[in-house]
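Colleague: Next comes the sequence, and after it the predicted model I'd like to discuss.
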Amino acid sequence: MYSTITSKNTSTTKTLKFEDGSVQFRQRLAVSILSHRPLLLRNIRSDDVENPGLQEHEASFLRLLDRMTNGSTIEINATGTQLRFKPGILLGGDLEHICPVPPPPNNTIDG
């Protein structure tokens with residue numbers, strides 16, 4: 001017989017929390033999945049008046065991670081400035097994902 005000991009104080013249940021928004025966005029999500037620890041990102045471009053929150057390429061990356069895992073939970077607030085990610089189990093196999101085309105750079109000079 002095998003017995004399982006669970007504790008609420010184990011490192012696998014501690015949420016990774018970051019207040020600096022989208023800094024190292026992909027790396028933090030990868031660490032969350034590999035360590036199987038929930039992730040909370042706050043202040044994602046909250047200072048950007050014209051375009052706050054997640055950008056299209058970041059949302060696309062979240063969709064990719066959702067398809068690569070089984071049981072992941074992704075919660076984004078209404079403004080897109082806060083993300084809560086609970087990782088699932090990584091799946092194997094083939095996967096096809098279409099990446100969004102980034103907008104062209106703004107080459108105008110304001111002056």
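Modeller: Right, received. Where do you want to start? Numbering: from 1, shown residues only.
Colleague: ranges for the strands of this protein?
Modeller: Residue ranges of the strands in the chain, as given by DSSP state E, are 16-18, 39-41, 69-70, 73-76, 83-86, 89-90.
Colleague: how much space is there between the residue most central in space within the chain and residue 69?
Modeller: Averaging the C-alpha coordinates of the chain gives a centre point, and the residue nearest to it by CA atoms, centre = their mean is residue 29 (4.8 Å). Distance check for residue 29 against residue 69: by CB to CB, to the nearest Å, it reads 10 Å. Backbone N, C-alpha and C define where each C-beta goes, glycine included.
Colleague: swap in residue 101?
Modeller: Distance of residue 101 to residue 69, given as CB to CB: 25 Å.
Colleague: Also residue 86?
Modeller: Distance from residue 86 to residue 69, counting by CB to CB: 10 Å.
Colleague: Between those two, which contacts overlap?
Modeller: Jointly contacting residue 86 and residue 69 under the rule CB atoms under 8 Å, 6 or more residues apart in numbering is no residue at all.
Colleague: So which bits of stretch 63-81 are buried?
Modeller: In terms of neighbour count (16 or more other CB atoms under 10 Å), stretch 63-81 has its buried residues at 65, 68, 72, 74, 76, 80, 81.
Colleague: got the end-to-end distance for stretch 82-98?
Modeller: Chord length of stretch 82-98, first to last residue, is 24 Å (CA to CA, to the nearest Å).
Colleague: Can you mark which positions in it are buried?
Modeller: Of all the residues in stretch 82-98, those buried under the rule 16+ other CB under 10 Å are 82, 83, 85, 86, 87, 88.
Colleague: do the same with stretch 16-29
Modeller: Of the residues in stretch 16-29, those buried under the neighbour-count criterion (16+ other CB under 10 Å) are 18, 21, 22, 25, 28, 29.
Colleague: So the first one sits against residue 25, correct?
Modeller: When you say that, I think you mean residue 18. No: between residue 18 and residue 25 there is no contact, the gap being 9.6 Å when judged by CB atoms under 8 Å.
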